[in-house]
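Trainee: model this:
(5 chains)
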Amino acid sequence: MSRPATIAHKQAEVRVDRVREILSWYGSDNPGTLTNVARLLNHGRLAGTGRLVILPVDQGFEHGPARSFAANPAGYDPRYHFELAIVAGCNAYAAPLGFLEAGAAEFAGQVPLILKLNNSDSLSGGADPCPAITGSVDDALRLGCVAIGFTIYPASAARNAMFGQIRELAEEAKRKGLAVVVWSYPRGSGISKEGETAIDVIAYAAQIAAQLGAHLIKVKLPTAHIEQGAAKKVYEKQGIPIATLADRVRHVVQSAFNGRRIVIFSGGEAKDTPSILEEVRAIRDGGGFGSIIGRNSFQRPRDEALEFLGQVMTVYAGKGK
Amino acid sequence: MSRPATIAHKQAEVRVDRVREILSWYGSDNPGTLTNVARLLNHGRLAGTGRLVILPVDQGFEHGPARSFAANPAGYDPRYHFELAIVAGCNAYAAPLGFLEAGAAEFAGQVPLILKLNNSDSLSGGADPCPAITGSVDDALRLGCVAIGFTIYPASAARNAMFGQIRELAEEAKRKGLAVVVWSYPRGSGISKEGETAIDVIAYAAQIAAQLGAHLIKVKLPTAHIEQGAAKKVYEKQGIPIATLADRVRHVVQSAFNGRRIVIFSGGEAKDTPSILEEVRAIRDGGGFGSIIGRNSFQRPRDEALEFLGQVMTVYAGKGK
Amino acid sequence: MSRPATIAHKQAEVRVDRVREILSWYGSDNPGTLTNVARLLNHGRLAGTGRLVILPVDQGFEHGPARSFAANPAGYDPRYHFELAIVAGCNAYAAPLGFLEAGAAEFAGQVPLILKLNNSDSLSGGADPCPAITGSVDDALRLGCVAIGFTIYPASAARNAMFGQIRELAEEAKRKGLAVVVWSYPRGSGISKEGETAIDVIAYAAQIAAQLGAHLIKVKLPTAHIEQGAAKKVYEKQGIPIATLADRVRHVVQSAFNGRRIVIFSGGEAKDTPSILEEVRAIRDGGGFGSIIGRNSFQRPRDEALEFLGQVMTVYAGKGK
Amino acid sequence: MSRPATIAHKQAEVRVDRVREILSWYGSDNPGTLTNVARLLNHGRLAGTGRLVILPVDQGFEHGPARSFAANPAGYDPRYHFELAIVAGCNAYAAPLGFLEAGAAEFAGQVPLILKLNNSDSLSGGADPCPAITGSVDDALRLGCVAIGFTIYPASAARNAMFGQIRELAEEAKRKGLAVVVWSYPRGSGISKEGETAIDVIAYAAQIAAQLGAHLIKVKLPTAHIEQGAAKKVYEKQGIPIATLADRVRHVVQSAFNGRRIVIFSGGEAKDTPSILEEVRAIRDGGGFGSIIGRNSFQRPRDEALEFLGQVMTVYAGKGK
Amino acid sequence: MSRPATIAHKQAEVRVDRVREILSWYGSDNPGTLTNVARLLNHGRLAGTGRLVILPVDQGFEHGPARSFAANPAGYDPRYHFELAIVAGCNAYAAPLGFLEAGAAEFAGQVPLILKLNNSDSLSGGADPCPAITGSVDDALRLGCVAIGFTIYPASAARNAMFGQIRELAEEAKRKGLAVVVWSYPRGSGISKEGETAIDVIAYAAQIAAQLGAHLIKVKLPTAHIEQGAAKKVYEKQGIPIATLADRVRHVVQSAFNGRRIVIFSGGEAKDTPSILEEVRAIRDGGGFGSIIGRNSFQRPRDEALEFLGQVMTVYAGKGK
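Mentor: Have a look, this model is predicted:
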């Protein structure tokens, strides 16, 4: 604590201010939920900046073990991901029940946890996905989590089942003082493959998650494609800027209650570092709140992953160009 | 309070009389529900007149954010609609969970709230709509709402699911002292597109909502088209007047327990002001109880919206021609 | 609405500001509870001023019918009190289950109701009072109440039973969006008769009610007597001003979270009007939030009661001297 | 126990060490569940080795009585299987409700019991299996069981129902101090018949069971077939060794949290002894935790069965080649 | 973050090590409870040292408002204590329901909270104290607390009621992932006044709290007096060192499971700073885990309180002499 106290104090105040500003958007929530949102915002290297980088590891369930962990076999061990999130200084680590149970005691208190309450696997399925419920709000409490996580697939014919499930789980989570993180991934017979990342569809997906009561919303990065005819007319008539990725991020954030809900973006498939950093800069410049980066983190060797996550956080901390 | 007390008192008495008359139609409801119906009737510029203008904003969920808010981007912010309803003097503001959570604390006590408990989105669907359940009666209590709102689609093959849901939710809402508002929109494989606003179908939709136990019923304005053959015979044989819009409104109101249920009409798509005011006069003259006006309010610039809503209310207050 | 809109608007803003300021003190409450606190503050002649006059009628239960209503036999009829509260412009009417059931439907929406959930009678008892539970939170919902009311008797040997009951009822009421009003009346073997209104004891009673989670606290007007030796030392050492009634009111309000809880004062036994108005001025000047006036209202003839309540409200409205 | 006490003591220490090491993987479980996992590991001939041989007899329910017991009619009697498991020195005996109820009292305390909570029968069914729930966690408690057993069929269109059931049952079992054993058998319209034992699919099935929170996982022995295209690319690119059965066992164990979950393998259909022993050696050499052997045990005459099980255990005890 | 990363990293590791060591003592607790114990240990200026300074403010309830806050009237405002605990860098702030409700949202996430679930007042009582239940475990969840707090009075004739209450509350708290802090204050007809701080009695009180399942135990500093004859014989025969305060602290810590439960000491009545710092050094030297300092903090002017708490923490941080 050799830093001059006054400067440290001032910096801390700025950070508290930003976190309190964000918390002020959630006026219907009890202090328990606000506390857990604050814990997410106050942990790790981006603590207090209002930006987040979250490590999610549900691919073992979603894609199978070899496709997820063979590239970096250390990842077969559930403790690896806790440790990676802690050392990298991520804001939180999100995973299904089994992965969290396998490390939550050993790493208790070292990183905020998000329990994914539903999961799909790749052994069956169809055009209209509907994940299985794989955990409960009480599981999240006993594992010391700050939030529940839930995936919805707008555009799936099974959307009503999913919307009904998250509605019920979110009500319970909020009553018990937890935060609610919704992965909103449009997919299903209602839209085309290209439409899954269309700007109108991603913006719509963010809006739906917000209307369902999510505190944090995770969507994919949108393309400039517009899927729906009725939307296309409006985008053109109103001249909504969607040319650059930053433009599109800005529109998605606007679509989530004019920026009054925390929207973070997923990296998607494994890519090279420069491409991702360029995306991250666009998220930052468009007013996005951060990234949730799974495969691009844990499928790299540990040292590379830490360096990479450090670079991403540097961008969000406002020090990268 | 410089106005002569006696005149103010007399006017207040008249208003209390009309509200008490309306409440007398709901003899099976407990005082809690009556109180909340009264709150709807006693708020805003039309307080005590027995007429209502309600601001509904569920289009973000139903049509997507850009189609709903790009025309007047202030509307991306959930607080905008609370403030619009309050300043305009609407009787109530109706919206899905997320939109109400985002402002219910900040605007507590300033306008009666209606929580829409089910919602459709436009990313998937089919000929036979069935919205997702997106909120609960307990959500309505914790958010301080006076009523739950629910959409049914008579003529959808999924009608039984919806009718069963509202039956259960209405039973719970009434036990807990809330009012029940049903949006009754005929749509689905049972009828033609033109039939969705046919006079026989709209009247039937109002009847169904009333039979399901709704306190307030929202239907679309009916055309003179008659959809069903069996109905057509009766309309012709009995000479039911349906030539003018006021005639048709009168028939719909009659179809909702001879006027002993509150029936209000939706404006539908955005239109020019004179057309709407003409419709509003017809509603008033036909004995309708008011309007629920979404897109025609919040998609205009704020000043225009306030002026427009003022004009509508002036008509209902009996001072417009 | 013939008053100049701008002035009315400005006045309304001031009132909204004061109500919002008060609501800001209750940051742990959901919007439902905030809405109901706002309803109390926004009703009647003192609407929006942050001051309240509440009519309580539980004397029928507490003292028996003749002692309560023979002086003004109209009061035997439960509807009398609803009507009195409404016409006088009180902020709320508080009564036990039976009295509310007997008028809640007829007067639905005309005055905020507070259901007293416990009551003592005078047919038995002893040195250490403990009222019976006579209603439930769900009763309050079905009757359309804005709050539950509950009496605790600090200094009674039975205090743990009462504190435990209100703890449980308050938790339920808050979850369901109701406000909590606690009558805190020190009485019992722990203190002397004189001590029941001692300044140290009344201030302590207000603190206990606040610590138990009350939104509104009702205490008796304190005398300058100091009951407890340990307290006396502190009052003298710190020179706490308690000479005038306004001083003592100020100290009691300070003792309820430094004025961040609504504290109102009861009039106690029937007295002459000038004495009461003098007390009311002291409450106002000491920063008290208002009065709860039972016997001094309903035991007078209706016209006298209305005139009297009007005078009280005039003082609180800041227009009396 | 004629061995010198000091050696026995040292050996016991080694065994305690291995059991404690295994228990350390289950840091989220309460001592009750840990105790029951320990009971499984500390019973029978393989006590303390970290290896298990479990006798399961659910074929009566799954295949019918004659197909199950006619080959060795002694098996019609439920007591036969208790006695077989006890005399053979198995770690546990697993069966449906009826079979356990028929012997749990008589053999109380002589062998750890696992209550299978769901079962399929062969009288109906289809491409996408979904077993019936046939017992409860409370049944397991009253019968003195150490664990519940549950079968999931990944790749079945009904997987969400099964995953949801085990989620709920596992949460209850863990709260009540029981262990959870999941039979994970990929089957259904999502994969081919050959795919049911494909190495990628079996590894995935083990991962899913682990993510669902299983303490013990039972899978079939995998073949070298790779079912899914996306997986095939990874297996080839990363050069995952799957040539020998021991290789494949090693990969499956790795796929269950890098060996930090107990994975045991089923023998499948009745075969000759040398074939099975060769499989058992592969399981041992690949780091598998043991076998669950039903038909190959109880469909042989008792003496043969005991000799056979003895041979299997000798391999696991590290003395067989 | 200009400090050399390696040094900071090493220091952080040391701190994680000590916290993990402490958590290892609570092997029967779920990760949720461990996480909340870790939050207590990882917050504030003593974060990671294994030492704690907690600010408790229940005196308003226990002694009345003037006796508690008149010396430093800023303390009448509940926000004052949140802010004091935050700025001073305390590990936690403990208070009854009302005080926490009055600031938990505004200060969400800025300091770990402990909800005191029972409280005594000074308006009544007797030789054998028994506090009232004033909050619930669910209140603790909705307010975002890390722990419940509860006072027991061993030696009170009402001990069984209190022990039964904490047993039930602790069971619920642990299931829901909260920590349990027990104030163990011997008092009542079972012992003399002097005996309340006798070394044998305080050690016994620590043992009882530990046996009741407390994670953190708060006792008063013991004197060298020995209350019980049977104990006196043992202390003398075994030559238990109790001459110095550090000796006695060491014995109390030993009495709480040989130091495997966190024992902190209360300062008691307001005293001068040098006396307290001397006590704190004794606590530190005797292996005590820290102090819970109420009146000596909040009854001083803010600047003095901050300086004083800073001095106390410096001692615990090992930098004071």
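
Trainee: Give the other helices and strands that the one helix or strand residue A:181 maps to contacts.
Mentor: Using DSSP states H and E, residue A:181 maps to strand A:179-184. When contacts are defined as 3 or more C-beta pairs under 8 Å, 6 or more residues apart in numbering or on different chains; DSSP states H and E, strand A:179-184 sits against helix A:31-41, strand A:147-152, helix A:159-175, helix A:199-211, strand A:216-220. (C-beta placed from N, C-alpha, C; glycine too.)

Trainee: Mind checking the pLDDT average for that strand?
Mentor: Mean pLDDT, computed over strand A:179-184, is 98.

Trainee: Then stretch A:251-261?
Mentor: 98.

Trainee: can you tell me if that stretch touches chain B.
Mentor: Yes - remark: stretch A:251-261 sits within contact range of chain B at A:251, A:254, A:255, A:257, A:258, A:260, A:261, by C-beta under 8 Å from any C-beta of the partner chain.

Trainee: Most neighbours out of these, which is it?
Mentor: Neighbour counts for the residues of stretch A:251-261 next to chain B, by other C-beta atoms under 10 Å in any protein chain shown, peak at residue A:255, which reaches 31 neighbours.

Trainee: which residues does that one contact?
Mentor: By C-beta atoms under 8 Å, 6 or more residues apart in numbering or on different chains, the residues touching residue A:255 are A:203, A:204, A:206, A:207, B:65, B:66, B:76.

Trainee: OK, contacts around residue A:293?
Mentor: With C-beta under 8 Å, 6+ apart, residue A:293 has these contacts: A:53, A:54, A:55, A:56, A:266, A:267, A:276, A:309, A:312.

Trainee: Determine the number of other residues adjacent to the fourth one.
Mentor: Taking other C-beta under 10 Å as the neighbour definition, residue A:56 ends up with a count of 27.

Trainee: so it sits right up against residue A:91, yeah?
Mentor: No - look at residue A:56 against residue A:91 with C-beta atoms under 8 Å: they stay out of range, at 11.5 Å.

Trainee: picking up where we left off before, where neighbours are concerned, which of the contacts of residue A:293 has the most?
Mentor: residue A:312 (30 neighbours).

Trainee: Please identify the helix or strand for that residue.
Mentor: With DSSP H and E as criterion, residue A:312 is part of helix A:302-316.

Trainee: got a list of what the spatially most central residue of chain A touches?
Mentor: Against the mean C-alpha coordinate of chain A, by C-alpha atoms, centre = their mean, the closest residue is residue A:218 at 4.1 Å. Residues in contact with residue A:218 (C-beta under 8 Å, 6+ apart) are A:181, A:182, A:183, A:184, A:263, A:264, A:265, A:266, A:292.

Trainee: For the third one, give the beta-bridge partners.
Mentor: Read it as residue A:183. residue A:151, residue A:218 (DSSP bridges).

Trainee: Now for it, how many residues are close by?
Mentor: Neighbours around residue A:183, by other C-beta under 10 Å: 26.

Trainee: Would you format the residues of stretch A:251-261 next to chain B as a markdown table with distance to residue D:33 and secondary structure included?
Mentor: Shown next, in a markdown table, are those (distance: C-beta to C-beta, whole Å; DSSP: H, G, I helix; E, B strand; the rest coil):
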| residue | distance to residue D:33 | secondary structure |
| --- | --- | --- |
| A:251 | 49 | helix |
| A:254 | 48 | helix |
| A:255 | 45 | helix |
| A:257 | 43 | coil |
| A:258 | 48 | coil |
| A:260 | 43 | coil |
| A:261 | 39 | coil |
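
Trainee: Widest-spaced pair of these?
Mentor: A:251 and A:260 (15.0 Å; C-beta to C-beta).

Trainee: Could you find the closest non-adjacent residue to the residue of the stretch 51-200 of chain A at minimum distance from chain B?
Mentor: As assessed by C-beta to the nearest C-beta, chain B sits closest to residue A:190 within the stretch 51-200 of chain A, at 2.8 Å. Residue nearest to residue A:190 in three dimensions, not counting chain neighbours: residue B:124, with 2.8 Å by C-beta to C-beta, 6 or more residues apart in numbering or on different chains.

Trainee: Provide the secondary structure category for that neighbour.
Mentor: Look at residue B:124: counting by DSSP: H, G, I helix; E, B strand; the rest coil, its state is coil.

Trainee: Hmm, it is touching residue A:162, no?
Mentor: No - using C-beta under 8 Å, residue B:124 is not in contact with residue A:162, being 11.5 Å away.

Trainee: So if I had to pick from those two, which one is more boxed in?
Mentor: residue A:162 (23 against 20).

Trainee: residues contacting that one?
Mentor: A:118, A:130, A:131, A:150, A:151, A:152, A:153, A:156.

Trainee: any idea how far it is from chain E?
Mentor: 26 Å (C-beta to the nearest C-beta, to the nearest Å).

Trainee: Noted, bye for now.
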